[in-house]
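Undergrad: predicted model and sequence follow; I will ask about them next.
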Amino acid sequence: MDGVGSLLLFGGLLLTLMVAESWFWLAFVGFVVMAAVYALEGVHWLRARHRPPA
């Protein structure tokens, strides 16, 4: 999902710069996807860190 989010983000920014139309919404969707992926990875990392040793 991180790859998809970064592709949407950079693709939206590139299209905004290259084409006369505004594709900024695509970059915004990519940013939201990337933020969600990093938030989930952070929660997973914190849960694994606080888990008592077996």
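TA: That came through, no problem. Numbers count the residues shown, from 1 in each chain.
Undergrad: for the lengthiest helix in the chain, the averaged confidence score.
TA: Determined from DSSP state H, the single longest helix within the chain is helix 24-50. Taken as a whole, helix 24-50 carries a mean pLDDT of 86.
Undergrad: in that helix, what's buried?
TA: For helix 24-50, the buried set under the neighbour-count rule, 16 or more other CB atoms under 10 Å, comprises 26-27, 30-31, 33-34, 37. The C-beta positions use only the backbone N, C-alpha and C, and glycine is treated the same way.
Undergrad: likewise for stretch 8-21?
TA: For stretch 8-21, a neighbour-count test (16+ other CB under 10 Å) marks 8-9, 12-13, 16 as buried.
Undergrad: inside helices: which ones of those residues?
TA: Using DSSP H, the buried residues of stretch 8-21 in helices are 8-9, 12-13, 16.
Undergrad: ok so, going back, would you turn the buried residues of helix 24-50 into a markdown table with distance to residue 48?
TA: Shown next, in a markdown table, are these (distance: CB to CB, whole Å):
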| residue | distance to residue 48 |
| --- | --- |
| 26 | 33 |
| 27 | 32 |
| 30 | 27 |
| 31 | 26 |
| 33 | 23 |
| 34 | 21 |
| 37 | 17 |
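Undergrad: residue 47: which of those residues is nearest?
TA: residue 37 (15.9 Å; CB to CB).
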